[in-house]
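S.K.: got a predicted structure here, sequence first:
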Amino acid sequence: MTSEGRPATSITWTQLSKKGIKTDLTQTAVYNISELDNRMIISQSSIDLRPLRRDNDTRIICEATNKISNITRREVTLHVQYPPGKSHFQFIAQNEFAKGGVLQDNNKLIVKEGSSFTVTCRSDGDPPPTCTWNITNDVNSPNLTFTNITKASIGLYECTAANVIQSFPKYDKKKAASRAILDIDVLYQSRILQFIVTGKEKKWENFVCSVDSTPLLIPDFDLKTTISSAEHVAVTFKFKAFAYPMPVFKWFKLCVFSSKILINDKKYEIKTLGLYSSLTISDIAKDDYGSYKLMINNTVGQLVQYYLLKANATPDPPTQFTILPEYVTDTSTILQWKPGYDGGPRQTFIVRYKLEVEKNWTVRSIHDDGDRTINYTITDLYRDSLYCSELFSVNSIGKSMALNLRFKTRV
């Protein structure tokens with residue numbers, strides 16, 4: 001803002017939210033004063049904003065005044081463009097069978113065979129995003145409709161929400177998108193496909209009963225869906241299914257708006273034996289990082305499993321860092337946390353603690369042995385004392401953000 005006057009003008013900046021909350025921006029402004037012809041003083045003030053989506057529809061107010069004038073006021077309303085947010089689904093039953101359908105928080109939809117229903121995909125964004133279902137024939141609509149669904153429709157369905165963001169100051173357009181996966185499970189009556197008895201009279205040797213089954217992950221299989229790796233090495237994704245009739249496995253590399261089916265060549269090696277399939281990616285380069293998809297089909301249904309190949313990175317911070325109140329004594333306590341993603345290289349957890357009134361920390365290292373929850377006991381504490389503790393993870397790349405916790409020993 002530029003203002004003329006004598007004496008010099010005072011300029012203030014305020015941001016007013018949709019809820020009427022005021023934020024003073026004056027301290028972030030750049031302010032310059034110059035004199036014209038020894039008569040007029042020119043005051044200039046500017047602010048540099050990097051608005052977020054929560055700032056949409058907020059007002060930026062600039063006010064100028066000096067000792068002999070009333071306040072001059074100008075304001076502008078921010079229109080913040082932002083990419084699509086996380087998509088969500090709405091389930092609408094269309095017949096009696098579908099009324100018992102359940103859409104769970106993890107986007108898994110459970111319906112009975114014969115159900116007719118529509119699932120609507122929605123996402124926020126500015127401009128409002130367009131939602132498309134990415135199936136064999138793309139559904140250019142946010143609505144995915146099934147009529148008298150059968151078990152052949154079991155599987156994962158991907159919805160893409162996309163919009164076009166206007167980029168400043170070049171005024172070019174950037175396409176942005178987000179994806180969400182709907183997992184449809186159809187409950188149906190099993191059928192006995194074969195019942196075979198072999199043996200001799202009065203001496204039965206073998207009974208075989210074959211029941212149809214849509215592909216599933218075999219119980220207790222060590223499935224790793226995210227792998228971090230350095231370049232110029234090889235990694236392998238694996239899957240073992242439980243299915244009848246025998247399924248067909250197909251591997252894909254996911255691109256921004258499409259997918260590429262993979263075949264055996266110098267880069268990829270696909271091994272399939274019965275109910276087991278693996279994909280090995282050799283001599284990893286930057287272009288190989290990203291998402292992969294495995295489709296498992298038989299005549300009963302379909303299963304889709306997604307994988308992610310990431311570059312080695314610093315570990316994610318641990319989660320749910322807390323103490324176990326029932327184990328707090330006058331001289332000890334137990335800290336508990338859940339490991340975060342290790343970033344690829346093996347991680348080690350660092351626990352630091354000290355009396356709140358002291359400066360020196362006691363430091364302990366705990367290796368990540370793959371446990372889902374870690375309990376660590378601290379001893380030799382002072383009774384009836386307040387302690388500060390800190391937890392973070394390190395690997396060969398770097399360290400995670402630290403988590404802080406305060407606790408007090410018993411009297």
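M.R.: Nice, I can see it.
S.K.: for stretch 243-259, which positions count as buried?
M.R.: Using 16 or more other CB atoms under 10 Å as the test for burial, stretch 243-259 gives 243-244, 247, 249-254. C-beta: built from backbone N, CA, C; applies to glycine.
S.K.: using the record's assignment, carve the chain into domains.
M.R.: Listed domain ranges for the chain are 2-77, 88-187, 215-311, 319-408 (source: automatic domain parsing).
S.K.: end to end on the last one, go ahead and measure it.
M.R.: Pointing back at domain 319-408 there. Domain 319-408 has an end-to-end distance of 21 Å (CA to CA, to the nearest Å).
S.K.: secondary structure class for the most centrally placed residue in the chain?
M.R.: In the chain, the residue lying closest to the centroid (CA atoms, centre = their mean) is residue 86, at 8.8 Å. Put simply, residue 86 is coil when judged by DSSP: H, G, I helix; E, B strand; the rest coil.
S.K.: flag whichever of the domains of the chain has the least confidence on average.
M.R.: When the domains of the chain are ranked by mean pLDDT, domain 2-77 comes last with a mean of 75.
S.K.: ok, the residue nearest to the centre of the chain to residue 11 distance?
M.R.: Shown here: residue 86 relative to residue 11, a distance of 40 Å by CB to CB, to the nearest Å.
S.K.: surely the residue nearest to the centre of the chain meets residue 159?
M.R.: No: applying CB atoms under 8 Å as the test, residue 86 and residue 159 come out as separate, 11.2 Å apart.
S.K.: between those two, which contacts overlap?
M.R.: Taking CB atoms under 8 Å, 6 or more residues apart in numbering as the criterion, residue 86 and residue 159 both touch residue 180.
S.K.: can you give me the strands in the stretch 301-411 of the chain?
M.R.: Remark: strands assigned in the stretch 301-411 of the chain by DSSP state E, counting those that start in this stretch are 302-311, 319-323, 333-338, 348-355, 362-367, 374-378, 386-394, 403-408.
S.K.: mean neighbour count and distance to residue 288 for those - can I get that in a markdown table?
M.R.: Formatted as a markdown table, the strands of the stretch 301-411 of the chain follow (neighbours: other CB atoms under 10 Å; distance: least, CB to CB, whole Å):
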| stretch | mean neighbour count | distance to residue 288 |
| --- | --- | --- |
| strand 302-311 | 18 | 6 |
| strand 319-323 | 14 | 29 |
| strand 333-338 | 18 | 30 |
| strand 348-355 | 18 | 28 |
| strand 362-367 | 12 | 30 |
| strand 374-378 | 14 | 32 |
| strand 386-394 | 19 | 26 |
| strand 403-408 | 15 | 33 |
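S.K.: let's have those strands in JSON lines, adding distance to residue 48.
M.R.: Converted to JSON lines, the strands of the stretch 301-411 of the chain look like this (distance: least, CB to CB, whole Å):
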{"stretch": "strand 302-311", "distance to residue 48": "32"}
{"stretch": "strand 319-323", "distance to residue 48": "35"}
{"stretch": "strand 333-338", "distance to residue 48": "39"}
{"stretch": "strand 348-355", "distance to residue 48": "37"}
{"stretch": "strand 362-367", "distance to residue 48": "41"}
{"stretch": "strand 374-378", "distance to residue 48": "44"}
{"stretch": "strand 386-394", "distance to residue 48": "33"}
{"stretch": "strand 403-408", "distance to residue 48": "32"}
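S.K.: and residue 286, which of the ones you listed is closest to it?
M.R.: strand 302-311 (7.8 Å; CB to CB).
S.K.: sheet partners, orientation included, of that closest one?
M.R.: Applying DSSP bridges, strand 302-311 is found paired with strand 226-229 (parallel), strand 290-297 (antiparallel).
S.K.: which one of the buried residues of stretch 243-259 is nearest residue 62?
M.R.: residue 254 (47.0 Å).
S.K.: residue contacts, the closest one?
M.R.: For residue 254, the contacting residues are 290-293, by CB under 8 Å, 6+ apart.
S.K.: now, of those residues, which are buried?
M.R.: So, by 16+ other CB under 10 Å, the buried ones in those are 292-293.
S.K.: which one of the contacts of residue 254 is nearest residue 56?
M.R.: Nearest to residue 56 among those: residue 291, at 29.9 Å, using CB to CB.
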